[in-house]
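Enquirer: Below: sequence and its predicted model.
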Amino acid sequence: MKIGYDLYSIEKEYCFDLLKFVKVKKIKLLHLRYQDDMCYFYIPTYQRFLIQSFEYTLYYQKTIGLMKYVLFLSRQYLNVLGVFCFIVSVVISSYFIFDIQIIGTLPKVNQRMITDLQKEKIQVFSPLKSYERLNEILSYLKTVYKNDVEYINVYQQGSVFHVEYTRRKQDQLEKEEYQNLYAKKDGLITLFDVDSGLIKVKRNDYVKKGDLLVENTIVSTQNETQIIPVKGHVYAYTFNQYQATIANHGQDQGEAFYHLLLMIRSRLPVQAKIDTEKVLQIRKTHSKIILKMHYTLIEDIAIKGEVNEGNR
């Protein structure tokens with residue numbers, strides 16, 4: 001960890017002896033240079049006790065980096081406690097949750113979430129969670145609140161744990177249940193859950209957006225056309241690609257991957273089930289990190305259309 005370096009000088013004639021010494025002692029020698037009759041170099045501050053055993057005279061010049069300020073403050077008797085408290089506060093803020101914020105417009109849901117988060121050990125002064133654990137919590141909340149929310153995401157910023165959601169739109173009125181069901185996106189039919197209506201497709205049929213799935217009319221044995229209610233769901237495999245991007249600050253690649261993965265998973269339909277999840281590409285540029293994922297989902301693709309509307 002780059003917390004500080006000491007600058008030393010030594011007479012040029014002893015420089016070769018110095019190089020042999022630091023090799024034996026495994027001291028990190030940095031920015032070696034000559035000026036006049038002296039040789040100047042840096043070593044990490046934490047290795048200063050090793051260099052003291054060198055047989056020739058070394059001339060200490062200065063300390064640079066964070067340790068410069070820590071050492072300066074530590075010499076001031078009244079500031080020792082302040083330095084200690086500062087270090088402790090930095091450590092605590094890096095590892096523990098100080099606040100929980102739920103961003104949503106449903107007070108009852110907000111109150112339930114507080115209780116559910118406590119069950120998942122999300123509370124003030126509990127440790128910050130890994131990206132793997134955040135993903136587990138996200139999946140849990142999606143399942144519990146699938147009938148209440150349209151979109152939900154969890155994330156941490158500093159020492160604050162956030163839950164953000166949008167409320168689910170109200171169900172269609174009863175009078176609208178005579179509408180045909182059409183495919184809202186392309187997919188491979190896998191399952192029917194239809195209480196009423198005439199199913200127009202079969203399992204393993206590939207349908208495109210706008211295709212008729214369940215119709216509101218039937219023809220009786222007397223060749224009479226009757227309008228019947230339509231109620232149910234049609235599930236299909238859908239094939240999707242998602243991409244997420246974050247700024248490249250030199251962070252650990254594993255943490256960056258899980259951060260991006262969590263961002264993508266938060267955008268998946270709340271009630272969809274993941275059948276296949278595959279990394280297509282993870283790419284790093286000078287300014288950003290990009291992740292592309294493929295998902296095969298099982299989801300309800302049926303959407304209501306107009307009464308007596310023909311195939312699209």
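Expert: The structure has been received and is ready for your questions.
Enquirer: is it true that residue 95 touches residue 128?
Expert: Yes - at 5.9 Å, residue 95 and residue 128 qualify as touching, with contact defined as CB atoms under 8 Å. (Glycine included, C-beta is placed from N, CA and C.)
Enquirer: Please identify which of the two sits among more neighbours.
Expert: The neighbour count for residue 95 versus residue 128, taken as other CB atoms under 10 Å, is higher for residue 128 (17 against 10).
Enquirer: Span of stretch 193-212 from start to end?
Expert: Stretch 193-212 has an end-to-end distance of 16 Å (CA to CA, to the nearest Å).
Enquirer: for that stretch, what is the average pLDDT?
Expert: The predicted model gives stretch 193-212 an average pLDDT of 93.
Enquirer: So which bits of that stretch are buried?
Expert: Going by neighbour count (16 or more other CB atoms under 10 Å), the buried part of stretch 193-212 is 194, 197, 199, 200, 201, 207, 211, 212.
Enquirer: Where do the helices of the stretch 1-150 of the chain begin and end?
Expert: Assigned by DSSP state H, counting those that start in this stretch, the helices in the stretch 1-150 of the chain fall at 15-25, 48-51, 66-74, 80-95, 107-119, 131-144.
Enquirer: any idea which of those scores lowest on pLDDT?
Expert: Ranked by mean pLDDT, these end with helix 66-74 at the bottom, a mean of 54.
Enquirer: beta partners for the nearest residue to residue 33 once chain neighbours are set aside?
Expert: Sequence neighbours aside, residue 40 is the residue nearest to residue 33 in space, at 5.3 Å (criterion: CB to CB, 6 or more residues apart in numbering). Assessed by DSSP bridges, residue 40 has beta-bridge partners residue 9, residue 33.
Enquirer: Give me the most central residue, this structure.
Expert: By CA atoms, centre = their mean, the chain has its centre lying nearest to residue 259, at 2.8 Å.
Enquirer: Tell me if I'm right that it and residue 134 touch.
Expert: No - look at residue 259 against residue 134 with CB under 8 Å: they stay out of range, at 9.0 Å.
Enquirer: Can you get me the start-to-end distance on stretch 247-259?
Expert: 11 Å.
Enquirer: which parts of that stretch are buried?
Expert: Those would be 256, 258, 259, for stretch 247-259 by 16+ other CB under 10 Å.
Enquirer: from these, which is closest to residue 283?
Expert: Nearest to residue 283 among these is residue 256, at 11.4 Å by CB to CB.
Enquirer: Three-state assignment for the closest one, please.
Expert: helix (DSSP: H, G, I helix; E, B strand; the rest coil).
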